[in-house]
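>>> please find the sequence and the predicted model below.
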Protein chains: 4
Amino acid sequence: MPDSAVLLIHCPDQKGIVAGISGFLYAHGANILHADQHQDHDLGLFFMRVEWDVKDFDLDEAAFHEAFRALAGGFRMQWKLAYSKARPAVAIFVSQQQHCLLDLLYRHRIGDLPCRVPLIISNHPAARELSTFYEIPYHHIAADGNRAETEAAQLALLQEHHVDLIVLARYMQVLSPGFVERYRQRIINVHHSFLPAFSGARPYQAAYHRGVKLIGATSHYVTEVLDDGPIIEQDVVRISHRDQVGDLVQKGRELERVVLCRAVQWHLENRILHFAGKTVVFD
Amino acid sequence: MPDSAVLLIHCPDQKGIVAGISGFLYAHGANILHADQHQDHDLGLFFMRVEWDVKDFDLDEAAFHEAFRALAGGFRMQWKLAYSKARPAVAIFVSQQQHCLLDLLYRHRIGDLPCRVPLIISNHPAARELSTFYEIPYHHIAADGNRAETEAAQLALLQEHHVDLIVLARYMQVLSPGFVERYRQRIINVHHSFLPAFSGARPYQAAYHRGVKLIGATSHYVTEVLDDGPIIEQDVVRISHRDQVGDLVQKGRELERVVLCRAVQWHLENRILHFAGKTVVFD
Amino acid sequence: MPDSAVLLIHCPDQKGIVAGISGFLYAHGANILHADQHQDHDLGLFFMRVEWDVKDFDLDEAAFHEAFRALAGGFRMQWKLAYSKARPAVAIFVSQQQHCLLDLLYRHRIGDLPCRVPLIISNHPAARELSTFYEIPYHHIAADGNRAETEAAQLALLQEHHVDLIVLARYMQVLSPGFVERYRQRIINVHHSFLPAFSGARPYQAAYHRGVKLIGATSHYVTEVLDDGPIIEQDVVRISHRDQVGDLVQKGRELERVVLCRAVQWHLENRILHFAGKTVVFD
Amino acid sequence: MPDSAVLLIHCPDQKGIVAGISGFLYAHGANILHADQHQDHDLGLFFMRVEWDVKDFDLDEAAFHEAFRALAGGFRMQWKLAYSKARPAVAIFVSQQQHCLLDLLYRHRIGDLPCRVPLIISNHPAARELSTFYEIPYHHIAADGNRAETEAAQLALLQEHHVDLIVLARYMQVLSPGFVERYRQRIINVHHSFLPAFSGARPYQAAYHRGVKLIGATSHYVTEVLDDGPIIEQDVVRISHRDQVGDLVQKGRELERVVLCRAVQWHLENRILHFAGKTVVFD
């Protein structure tokens, strides 16, 4: 893959946005690799993701900001620029179950996830061995006492490592609104149900008792309201009356790690825009 | 397919049930075609479906009841016997949208549904033409006035035609508890969401606003509580940010008719047992 | 939905294409509704679909051709323009099984398929009743004699009705290379297997004997080589050892009609580009 | 889960088999936990799996063989008995790619796979670290020389460890007919396509060039004919024109490990019967 840059935009919809952006990129030597756009007609909003090869591109990051300002202002754009060379820092939070963590670490190891993982934080010691195997520093911070203290310790680590994204890989603690606010739109969680069905605790038990014929898992950005943030990805698997709760847990593990890893990968590839409680995922 | 009989059973679980039933059937010359069983360990219940070729079977329906009584009583069985030659009578209820009705009528025509359809009841005139094409009597009973009167007219027709099963093929009226009670476990509805998510009215709009990545449909037995009866079948289809509410409606039509037709076919093939708000579907 | 126009393009990939096209459309007052593009890096090709509201657009079809010529030539584009107001004429070919035909006619009736259906052609009389119900002229042309004569009769009808697209809705005759050539890239077929597995005759029997755990269906453009044309859509459904060939046929019917209808709808919405034996479907 | 025993049977179909077996088990105090049966009407064969709680069962393995002989002989049964307490020995073969191995080892660690894994054999050193982490002895046997010598070394290890099942977890060498014969019906492979499509080498490249819209993976028993053995499990995932070969490889990894692990688990739970090149999987 060549070194590339991605521009993510949303703004009020009006004529001329695509012409403006593509003209700007062309004028500066960009070779466009992918471009996708979306209009939300109800909200009157325009969304765009464009990725280009930076080989002949004549603007570095600082120069881009300077040069793009007028165009962006004219269309009242909210925008984000990311160069593929800059690898964001991801912190993974985990509790006792390690299937999601394992999958993230393996994918990171083989190069599927374009990021650094400077640390893993857990309220249990269970995953230390696995983290050590993958050579990621492991921080055990107990969560059975005062939440403010626990979060203060976590936040200190996150700041120290300049963390860009937090992934809750079956981390079974609820984060405070203050914590969430500080990493707004930068915390991805996996919930082990097909949201909005079975939000809250013990979704497999709830699914079993309701007698559904499919179970699901959902990855989403975390907001102050539990299990209510913008959904990034969902998937389901068929079950039958033969499946007991333990079977649901086993089948659900497959879903959980897949929907979480997809969400993390898409976030890291700058494919996700969100607004009004929903996501646009440019695949 | 040979003429066959199906026995559906549930009873408290204990040793010897399968030996008892299979010994009984063997003694009377049954050639077993399929047999399936299930234990609900939480509830201590045993479920069984057994189907046999009746060619050499030496009991007719009346004789079966007489001969089976002792065994059934000993195990405190609840049981149902159905011979494939007896085609149950199905009434289809429909409102304006005809995709589910169309599918049911086509499948019935080509022989997929082992039943008679003596009548279609609708609160709209819209489906009269289609019903006439498939040569099924169509009864337009308006539902905009007094519900008791509407239901009285419907019930009179159902009784006149000795209806065994009512299929709500996108029938957009809520049935009274008294009506439901009279056809308990014999009314199948399709709801256009992945229940329990988005129960009630306008599920596609609700799914759109929540930003889910899959939409679903659910077929279930009707109980007094809206959208709460035992689920028979569910399926989902992937959507994206590109799909507007109208696209969800279009994609959902595929799901609705498929999950409804599967449920009706399974019911007619005597594959479904239900208890405690859930179903066992022997496929 | 507003009246719109769609431009489909493919050309050698180079810088400036998107800027050129979006600048052109903006200059003529187009309000872009959707745009999507794709690069095939192996082949060095660029593909684009752009759709715009024509309300303020200042070019009619003839003027567009005149005005777009220079730009298109500069990039060596192959392109196609379609206004939503122009409804293409679709001929449906069918043999004895009617499930695909039924679905196409129902979707056409409720407005899902933006086309006219001036005729249905069949080598059997079986579907006449259904065609009459949907008010489409039905032409029974026997196919048990000389193929050249059969096709001559078919072609005369197609020309008389200025047919733009032929849909083979389980039409069980092989078309001659000459026929295919005349409607190159304008004949869509459905094959009842997951191609390239089980091409040719009796795919459900072949699938049964191989013991696969999923069966599929495939819609594709027809080329001179049987079951080898560019694939438009595929889907699968799970089967088990309990399913006999007859069950596969029943389950497969669901797939066949869905993958065929999707392909026809995408073709009619000008979402499909094809090249090198493959399709790009802009969804 | 209670200690249990499983009996797997196939024999010519005739009346009285179920009665005979269930009567036998009841007479010896078995509490049946699950029972499932299947008739292949074409072949005139009967298949059954029955699992019972051994708590009150009055036969140990040797006594069972003695007591069951007459019944089994009368129905000309081929049968297999397995007690859950006896954990079979599984050898995993792997080459360079470790995603399937990783999943098997993790599932084994958390208790999903009822077996021992006494050794891993590889033609590469790559997976040694991972094997060591999971505390499984790792044997690197190069496969770039004489196949007979390589296989002799492998067979010596397999015999030494009394291996019951060989799992080829993306092992990229073809086994000799003699090797396969020795572990007939006890070697499970995963092929990275939806067989029978794209058998042989480089299936992702072949799928990419054919332009399919779904890719698949298949787990199967190994026979002397490459990629032709009885299929145990298959699954697919949707792809689009946006996916390059590398994307297919990434998406396919999810499928490969899931279909392989399901097959291994089902084999270990004695859920699979096979005959005539196909499997019956009692789920």
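Sure, I can see it.
>>> for the rest of this, base every contact and every neighbour count on C-alpha atoms.
Noted.
>>> just for the stretch 51-200 of chain A, where's the confidence low?
Residue ranges of the stretch 51-200 of chain A with pLDDT under 70: none are present.
>>> look through it and state the residue closest to chain D.
Nearest to chain D, among the residues of the stretch 51-200 of chain A, is A:Phe133, at 7.3 Å (C-alpha to the nearest C-alpha).
>>> my guess is that residue contacts D:Phe133. True?
Yes - between A:Phe133 and D:Phe133 there is a contact under C-alpha atoms under 8 Å: 7.3 Å.
>>> rewinding a little: residues contacting the residue of the stretch 51-200 of chain A closest to chain D?
When contacts are counted by C-alpha atoms under 8 Å, 6 or more residues apart in numbering or on different chains, A:Phe133 touches D:Phe133.
>>> from A:Met48, how far off is A:Ser22?
Distance, A:Ser22 to A:Met48, by C-alpha to C-alpha, to the nearest Å: 11 Å.
>>> residues in the stretch 101-250 of chain A within reach of chain B, list them.
By the rule C-alpha under 8 Å from any C-alpha of the partner chain, the part of the stretch 101-250 of chain A lying against chain B is A:195-197, A:209-214, A:230-235, A:240-242.
>>> could you give the angle of the helix or strand where A:Val249 lies to helix D:245-268?
A:Val249 belongs to helix A:245-268 when assigned by DSSP states H and E. Helix A:245-268 and helix D:245-268 are oriented at 170 degrees to each other (axes from the mean of the first three to the mean of the last three C-alpha atoms, to 10 degrees).
>>> name the residues of the next helix or strand after helix A:245-268 that come out as buried.
Moving toward the C-terminus from helix A:245-268, the next helix or strand (DSSP H and E) is strand A:272-275. Neighbour-count burial for strand A:272-275, counted by 16 or more other C-alpha atoms under 10 Å in any protein chain shown, picks out A:272-274.
>>> and stretch A:142-157, how far out from the chain's middle?
A distance of 23 Å separates the centroid of the chain from that of stretch A:142-157, by C-alpha atoms, centre = their mean, to the nearest Å.
>>> show me the strands in the stretch 101-250 of chain A, by range?
Using DSSP state E, counting those that start in this stretch, the strands of the stretch 101-250 of chain A run over A:116-122, A:138-140, A:165-168, A:187-191, A:214-221, A:231-238.
>>> adding distance to D:Ala63, write those strands out as JSON lines.
Below are those laid out as JSON lines (distance: least, C-alpha to C-alpha, whole Å):
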{"stretch": "strand A:116-122", "distance to D:Ala63": "52"}
{"stretch": "strand A:138-140", "distance to D:Ala63": "54"}
{"stretch": "strand A:165-168", "distance to D:Ala63": "53"}
{"stretch": "strand A:187-191", "distance to D:Ala63": "50"}
{"stretch": "strand A:214-221", "distance to D:Ala63": "43"}
{"stretch": "strand A:231-238", "distance to D:Ala63": "40"}
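>>> contacting residues for A:Leu248?
Here A:Leu248 is in contact with A:204, A:208, A:215, A:239 (criterion: C-alpha under 8 Å, 6+ apart).
>>> er, A:Gly277 I mean
By C-alpha under 8 Å, 6+ apart, A:Gly277 lies in contact with A:229-230, B:210-211.
>>> for these, which one is nearest B:Ile141?
Nearest to B:Ile141 among the contacts of A:Gly277: B:Arg210, at 36.3 Å, using C-alpha to C-alpha.
>>> and that closest one, what pLDDT?
Listed pLDDT for B:Arg210 reads 96.
>>> distance check, it against chain D.
Applying C-alpha to the nearest C-alpha, to the nearest Å, the value for B:Arg210 to chain D is 24 Å.
>>> next, count neighbours for that residue.
20 (other C-alpha atoms under 10 Å in any protein chain shown).
>>> check the one 4 residues further on too.
Using other C-alpha under 10 Å as the criterion, B:Leu214 is surrounded by 20 other residues.
>>> partners of it in the sheet?
Beta bridges link B:Leu214 to B:Arg238 when assigned by DSSP bridges.
>>> my guess is it contacts A:Asp235, does it?
Yes - if you go by C-alpha under 8 Å, B:Leu214 and A:Asp235 touch, sitting 7.5 Å apart.
>>> what's the burial count for the residue in the stretch 1-150 of chain A that chain B sits nearest to?
Proximity of the stretch 1-150 of chain A to chain B (C-alpha to the nearest C-alpha) peaks at A:His38, 7.1 Å away. Using other C-alpha under 10 Å, the number of residues around A:His38 comes to 21.
>>> need the nearest residue in space to it, chain neighbours excluded.
Spatially, and ignoring its direct neighbours in sequence, A:His38 is nearest to A:Phe47 (5.0 Å; C-alpha to C-alpha, 6 or more residues apart in numbering or on different chains).
>>> could you list every residue that touches the one you found?
Here A:Phe47 is in contact with A:8-11, A:37-39, A:273 (C-alpha under 8 Å, 6+ apart).
>>> and if you look at A:Ala197?
Applying C-alpha under 8 Å, 6+ apart to A:Ala197 gives the contacts B:195-197.
>>> in TSV: these, plus distance to C:Val249.
Converted to TSV, those look like this (distance: C-alpha to C-alpha, whole Å):
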residue	distance to C:Val249
B:Leu195	30
B:Pro196	32
B:Ala197	33
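>>> with respect to chain A, which of those is nearest?
B:Ala197 (4.7 Å).
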